[in-house]
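*Asks:* Test case, fold it:
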Amino acid sequence: MSLFWRIFLLNATVLLAAVALLLLGPVTVSTPVVLTETLILAAGLVVMLTANAALLRVGLAPLQRLTRAMTTTDLLRPGDRPVASGQGDVAALIETYNAMLDRLEAERAASAARALSAQEAERRRIAQELHDEVGQTLTAVLLELKSAADQAPDALRDELIRTQETTRTGLDEVRRIARRLRPGVLEELGLVSALRSLANEYTDWADTKVTSTVAAPLPALDRAAELVVYRVAQEGLTNVVRHSGAAHAALDIRATDDRVVLRIRDDGCGTGGAPEGAGLRGMRERALLVGAGLTVRDGPSGGTEVRLDVPVAPAGSGR
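*Replies:* Down below sits the predicted model:
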C-alpha cells in the first residue's frame, strides 16, 4: 500500500469514527449551542486530533529514522544501515537508500584505491629519481670537494670542509625524503622493522622523542594492509611533530584474536575539537581500503590518540 493511501485511510478512519458517534450516540446540537454541547464537541475534536497524530506518528516513524540516518551518514565512517521497517513505499525507500549507500561506498573505495595506487607509484618514481639523480650528483660533489680540500692551501681548506659538511647534510636529507616516499625497509625487512625504523627516524630529526613497542609476533598481513599500517603510522607521527607540540610520542602495535591494532599516542595539545584536515581524511580513506577502522580522540591524560584496527583473517580460512 502506498504512503498516500495509508495516510488517507488513517484520516478516513478517524473521521468515520467521529461521524458514527454523532449519528449513533446520544449527543445532539441545539440552536443556539449550549455550553455543555460545546464542551462535548471540543473534547471530541481533541480526541480526533490526538488519535490522528498518534496514528500518523506511528506510520511515519520509519521516515523519521531514515532522515536521521541521512543527516549523520559519512562515507568515511561506515556504520549500521537503517532497518527497512514499515510497509509499501516507506520500506522500499529505505531499501533504496541502503542500496545507494552500498553503491556510493563501493565506488568511493574503488576510486580511492586507484588514486592511492597512482600516488604510491608517483612516490616511487620521485624517490627513485632523488636517489639516482640528485643523490648521485651530491655524492659526486662531495668527492670533488674532498679532493679539492686535500689539495687546497690551509687558508681555503677549512672553508671547503664546511662546504663539504653542508653538502653531506643535504645528501642525508635527500636520502631521508626518498625513504619516506618509498619505504624500502617495509619491502625488504617487513612491517615490524619498518615501524621501528620509522620511530627512530622521527626521533633523529624532530624534537619529539618517539618510542616503539611491538607486543608478541604479529599475524601475517597482505601487502596492501602492511602499506596501510605503515602510511597511517607515518602520517600520524608527522601530525604529532608538526601540530601537537609534544615532547614524547609512543607507537604501539599488537595483535588480538581477530585484528592488528596500531596506536599512536602523544603528550601534546590534543585535537581541541578542530575539524579534520586532509591528512586525517587520507588516513581514513586508506583504512577503508582494507576494511580497517580508524579513530582519533583526545588521550585519557591529554594529547591525542590515533588507533587503527586492521581485521585479520582467522587461521584456516585459506588466506
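*Asks:* can you give me the helices in the stretch 1-150 of the chain?
*Replies:* Here the stretch 1-150 of the chain has its helices, by DSSP state H, counting those that start in this stretch, at 3-24, 35-72, 89-129, 135-151.
*Asks:* what would the ones you listed look like in TSV with distance to Arg176 and mean neighbour count?
*Replies:* Where C-beta positions appear, they are placed from N, C-alpha and C, glycine not excepted. Formatted as TSV, those follow (distance: least, CB to CB, whole Å; neighbours: other CB atoms under 10 Å):
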stretch	distance to Arg176	mean neighbour count
helix 3-24	63	13
helix 35-72	42	13
helix 89-129	11	14
helix 135-151	11	14
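*Asks:* Out of those helices, the one nearest Thr295 is which?
*Replies:* helix 35-72 (16.5 Å; CB to CB).
*Asks:* now that closest one, how far from the centre of its chain.
*Replies:* The chain centroid and the centroid of helix 35-72 are separated by 40 Å, computed with CA atoms, centre = their mean, to the nearest Å.
*Asks:* what is the orientation angle of it with helix 89-129?
*Replies:* 20 degrees (axes from the mean of the first three to the mean of the last three CA atoms, to 10 degrees).
*Asks:* Compute the mean per-residue pLDDT across helix 35-72, please.
*Replies:* Averaged across helix 35-72, the pLDDT comes to 76.
*Asks:* same question, stretch 275-288
*Replies:* Per-residue scores along stretch 275-288 average to 81.
*Asks:* which other residues reach that stretch?
*Replies:* 76-78, 108-109, 112, 116, 228, 231-232, 235-236, 238-239, 293-294, 296, 306, 308, 310 (CB atoms under 8 Å, 6 or more residues apart in numbering).
*Asks:* ok so, going back, possible to save the helices of the stretch 1-150 of the chain as TSV with distance to Leu262?
*Replies:* Below are the helices of the stretch 1-150 of the chain laid out as TSV (distance: least, CB to CB, whole Å):
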stretch	distance to Leu262
helix 3-24	47
helix 35-72	27
helix 89-129	18
helix 135-151	31
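*Asks:* Any idea which of the ones you listed gets closest to Asp222?
*Replies:* In terms of CB to CB, the element of the helices of the stretch 1-150 of the chain nearest to Asp222 is helix 89-129, at 13.7 Å.
*Asks:* Give me the helices and strands touching that closest one, please.
*Replies:* Other elements packing on helix 89-129 under the criterion 3 or more CB pairs under 8 Å, 6 or more residues apart in numbering; DSSP states H and E are helix 35-72, helix 154-181, helix 278-289.
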